[in-house]
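[1] below is the structure, and that's it, no one-letter string:
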DNA sequence: CTCTGGTATATCGTCGTGATACATCGCAAC
DNA sequence: GTTGCGATGTATCACGACGATATACCAGAG
């Protein structure tokens, strides 16, 4: 979900598309890349929705910094919208995309919400794991060795994610429930 | 890449869309799902390209098995096209999608090609890993704890995939280079 | 006899990708 | 000093996939 990532980044400071893209890559890591082909349309979309707008071109005054640059900033509506998104604990916050985007802005998220998101995500991933596990148990024998190893590796990855989430949840409960 | 998966499945036996989808899910595991919204358009696309066609409705003879069913089968061109796809060792075979699809049909792939694909995939994943590693080393300190753990977990996953691929490559070299 | 759940096909709007195009800037090498 | 190159910067296009939704038939359970 590019929307949340863009809004989140712009909440830190105004930026133009190119910089946004760089920050995006380093923020989300190789976890998620995003190309210009989706970034620019998204900026237009967010702009039309009124969440962001173009910074005034600081008229006659010296600098004249921008040539082709379009510097975007969050509007008041956009700030509020972002806050709502970061408060959501529905299914959207639990899938790959949604969870990753929210985790990247966890520092701005209320700690009780953080816990709910982590737990929801874990539930989701556990279901996936159980599905894979039983499917492997059921049909695993019939699979050829390559397909089976693909499934096994997939299962291990999902299982590791569950354990990782569990650690995060424990940290959240102990270390952070106290502060604020 | 739905194309290769559909062709691969149809090479085993003719099928209709619904069954194709079920087989697809169990073949690719949760690794990749594919919805009807992409399956049916793909069937049309492959049909237009001449790789598959609709099975003759076994006319007057008793059964009349199909009501709304459309049973698809590989054409001669389709068979050849699939064989070409499974022989490819270009970049397409090394990304997530392309590699996964090909691995699922490794049993039909020549063993020297198998090795090239595994090695190419490993090279690709190693590059990704190195990129993540140096990015973490460079900017890791500045990241907040949540973003950092996201990156670290991502890095570990990619690293595990490299090790997994290495095992597969060794198996392939020892156990299988002899047979055939 | 009705209701549920599996079989079966199909379309729609939305989103992201990868390729491609184009123009400007700073700066290093020659 | 100019030439050329790599980074900066915006933008569009065809394509593939998603998720939701609609429709219809069939079997078996209660």
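    In hand now; what should we look at? All values reported here derive from a predicted model rather than from experimental measurement.
[2] could you report the pLDDT at the residue nearest the centre of chain A?
    Closest residue to the average C-alpha location of chain A: residue A:101 at 0.7 Å, with C-alpha atoms, centre = their mean. Looking at residue A:101, its pLDDT is 93.
[3] ok, it - contacts?
    Residue A:101 makes contact with A:1, A:4-5, A:8, A:28, A:32, according to C-beta atoms under 8 Å, 6 or more residues apart in numbering or on different chains. All C-beta atoms are positioned from the backbone trio N, CA, C, and that covers glycine.
[4] cool, residue A:113 as well?
    By C-beta under 8 Å, 6+ apart, the contact list for residue A:113 reads A:86-87, A:89.
[5] can you tell me the SS state at the closest residue to residue A:47 other than its chain neighbours?
    Sequence neighbours aside, residue A:53 is the residue nearest to residue A:47 in space, at 6.3 Å (criterion: C-beta to C-beta, 6 or more residues apart in numbering or on different chains). At residue A:53, secondary structure determined by DSSP: H, G, I helix; E, B strand; the rest coil is strand.
[6] may I have the residues that are in contact with residue A:53?
    A:47, A:72-73, A:75.
[7] quick one: which helix or strand includes the residue of chain A found nearest DNA strand C?
    For chain A, the residue closest to DNA strand C is residue A:37, as judged by C-beta to the nearest atom of the strand, at 2.2 Å. Following DSSP states H and E, the helix or strand that holds residue A:37 is helix A:36-49.
[8] any chance you could map the strands in chain A?
    Along chain A, counting by DSSP state E, strands occupy A:15-16, A:52-54, A:71-74.
[9] deepest of those strands, which one?
    Most buried of these, by mean neighbour count (mean count of other C-beta atoms under 10 Å in any protein chain shown): strand A:71-74, with a mean of 20.
[10] who does it pair up with?
    Here strand A:71-74 is paired, per DSSP bridges, with strand A:15-16 (antiparallel), strand A:52-54 (antiparallel).
[11] returning to what we had before: in TSV: the strands of chain A, plus distance to DNA strand D and mean pLDDT.
    Output for those, formatted as TSV (distance: least, C-beta to the nearest atom of the strand, whole Å; pLDDT from 0 to 100):
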stretch	distance to DNA strand D	mean pLDDT
strand A:15-16	3	92
strand A:52-54	9	92
strand A:71-74	7	94
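[12] and of those, who's closest to residue B:174?
    For residue B:174, the closest of those is strand A:15-16, at 52.7 Å, according to C-beta to C-beta.
[13] now do the closest one: distance to the chain's middle.
    Relative to its parent chain, strand A:15-16 has a centroid offset of 19 Å by C-alpha atoms, centre = their mean, to the nearest Å.
[14] which positions in chain A make contact with chain B?
    When proximity is defined by C-beta under 8 Å from any C-beta of the partner chain, chain A lies next to chain B at A:26-31, A:100, A:103-104, A:106-107, A:128, A:131-132, A:135-136, A:139, A:144, A:146-147, A:149-151, A:153-158, A:160-161, A:164, A:168.
[15] just the buried ones among the residues you listed, please.
    Applying 16 or more other C-beta atoms under 10 Å in any protein chain shown to these, the neighbour count classes A:27-29, A:31, A:100, A:103-104, A:106, A:128, A:132, A:135-136, A:146-147, A:149-151, A:153-155, A:157-158, A:160-161, A:164, A:168 as buried.
[16] quick one: low-confidence parts of chain A?
    Across chain A, the ranges flagged by pLDDT under 70 are A:30, A:56-67, A:176-180.
[17] what are the ranges of the helices in it?
    Here chain A has its helices, by DSSP state H, at A:2-10, A:17-28, A:36-49, A:76-87, A:96-104, A:111-139, A:145-171.
[18] residue A:164 and residue B:152 touch, don't they?
    No - assessed by C-beta atoms under 8 Å, residue A:164 is found out of contact with residue B:152, at 9.2 Å.
[19] without its sequence neighbours, what residue ends up closest to residue A:124?
    Taking C-beta to C-beta, 6+ apart, and ignoring the residues beside it in sequence, residue A:124 has residue A:94 as its nearest neighbour in space, at 4.3 Å.
[20] what does chain A put close to DNA strand D?
    Neighbours of DNA strand D within chain A, by C-beta under 7 Å from any atom of the strand: A:16-19, A:22, A:36-37, A:40-41, A:43, A:68-71, A:95.
[21] hang on, the earlier thing: output the strands of chain A in TSV, with distance to residue B:122 appended to each entry.
    Formatted as TSV, those follow (distance: least, C-beta to C-beta, whole Å):
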stretch	distance to residue B:122
strand A:15-16	37
strand A:52-54	41
strand A:71-74	40
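[22] which members of the contacts of residue A:101 define the maximum pairwise distance?
    Largest separation among the contacts of residue A:101 by C-beta to C-beta: A:8 and A:32, giving 13.1 Å.
[23] so for those two, which sits in the more crowded spot?
    residue A:8 (22 against 18; other C-beta atoms under 10 Å in any protein chain shown).
[24] let me see the contact set for residue A:81.
    Neighbour list for residue A:81: A:7, A:51 [criterion: C-beta under 8 Å, 6+ apart].
[25] check the gap between it and residue A:8 for me.
    Applying C-beta to C-beta, to the nearest Å, the value for residue A:81 to residue A:8 is 11 Å.
[26] please apply the same query to residue A:149.
    According to C-beta to C-beta, residue A:149 and residue A:8 sit 38 Å apart.
[27] residues of chain A that sit close to DNA strand C?
    By C-beta under 7 Å from any atom of the strand, the part of chain A that sits against DNA strand C consists of A:1-3, A:32-38, A:41-42, A:45, A:67-68.
[28] buried subset of the residues you listed?
    Using 16+ other C-beta under 10 Å, the buried members of the residues of chain A next to DNA strand C are A:1-3, A:32, A:34, A:42.
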